[in-house]
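A.B. asks: sequence unknown, structure follows:
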């Protein structure tokens with residue numbers, strides 16, 4: 001008997017491209033594509049697996065469901081509802097498909113601060129031809145330390161690139177027991193406070209989970225060097241923006257780059273827009289990355305096969321911790 005997979009609404013051109021390829025490459029599947037929630041509720045009672053976001057009603061209507069593919073690497077807050085956590089279904093996500101694209105943007109931030117390109121870009125917009133005075137000295141990367149908070153796929157690739165330019169690399173990770181060869185020292189989250197004072201760059205690539213929400217607040221910024229740069233490219237809810245704005249304006253840290261925000265979009269009247277030595281990008285690190293659609297498809301196809309064969313799924317999520 002075939003397994004039943006439901007692409008939950010809204011339907012997309014992407015699903016239309018995937019479905020014939022999936023049916024051709026993975027045997028033993030029937031695929032449903034309901035266009036409305038009402039249609040989905042009729043398809044879910046005998047569904048074995050699904051893709052997308054499930055409402056409370058959908059979860060209640062899917063007693064047989066054993067695999068749900070989340071539509072993102074780290075879905076928005078609320079995706080992992082109490083009902084979904086309590087349900088028997090396993091959840092998988094799309095982590096690791098962005099590793100190279102996002103780590104390159106992190107390195108772009110680091111290089112910009114190293115040579116003060118962001119300041120010179122501001123001067124250019126004002127038609128100012130002025131060299132920065134001391135103490136705006138360049139940061140010499142081979143004598144600098146980067147602390148990467150979250151050494152998963154993105155953090156590990158970032159560590160590799162940082163090590164390639166000679167940086168000393170420290171890592172903090174809640175799950176990882178092995179140490180990638182390009183990380184000099186690895187620590188658990190309980191050592192974060194002890195490692196922060198050592199870092200010239202603090203890079204957050206952690207997901208938003210119950211334990212990371214609001215993790216970086218005034219108490220963490222107070223532990224950083226006043227010459228340090230803070231970078232958050234993971235999830236905005238991990239960082240208190242008002243606290244970051246305050247420490248930047250007081251000179252408690254030297255600068256910050258963010259691609260994610262506690263509130264998105266960042267309100268036009270938020271003071272962080274005008275905080276000194278900041279680079280703010282509108283959640284663009286993975287936009288336009290080559291091969292992302294194909295990488296998503298490959299994960300879904302791999303899990304089609306694994307599910308049918310009764311094997312552990314790729315990228316299974318700890319639902320209670322949202323990642």
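C.D. replies: The structure has been received and is ready for your questions. These numbers come from a predicted model, not from an experiment.
A.B. asks: for the stretch 151-300 of the chain, what spans make up the helices?
C.D. replies: 153-164, 192-195, 218-221, 241-250, 292-309 (DSSP state H, counting those that start in this stretch).
A.B. asks: Please identify the deepest-packed of those helices.
C.D. replies: Burial of the helices of the stretch 151-300 of the chain is given as mean neighbour count (mean count of other CB atoms under 10 Å); helix 153-164 ranks first at a mean of 22. C-beta coordinates here come from the backbone N, C-alpha and C atoms, glycine included.
A.B. asks: Residue 62 reaches residue 83, doesn't it?
C.D. replies: No - with contact defined as CB atoms under 8 Å, residue 62 does not reach residue 83; the gap is 10.4 Å.
A.B. asks: Looking at those two, which has the bigger crowd around it?
C.D. replies: Neighbour comparison, residue 62 and residue 83: the larger count goes to residue 62, with 25 against 14 (by other CB atoms under 10 Å).
A.B. asks: Now do the domain split for this protein, please.
C.D. replies: 3-96+290-321, 99-280 (automatic domain parsing).
A.B. asks: Stretch 49-59 spans what distance, first to last residue?
C.D. replies: In stretch 49-59, first residue to last residue: 12 Å (CA to CA, to the nearest Å).
A.B. asks: tell me the mean pLDDT over that stretch?
C.D. replies: Taken as a whole, stretch 49-59 carries a mean pLDDT of 98.
A.B. asks: With stretch 225-245 instead?
C.D. replies: In this model, stretch 225-245 has an average pLDDT of 98.
A.B. asks: That one: which residues count as buried?
C.D. replies: Within stretch 225-245, the residues that count as buried by 16 or more other CB atoms under 10 Å are 225, 228-241, 243-245.
A.B. asks: Also stretch 178-191?
C.D. replies: Neighbour counts over stretch 178-191 (16+ other CB under 10 Å) mark 180, 182-183, 186-187, 189 as buried.
A.B. asks: Which single one of those is nearest to residue 209?
C.D. replies: residue 189 (11.0 Å; CB to CB).
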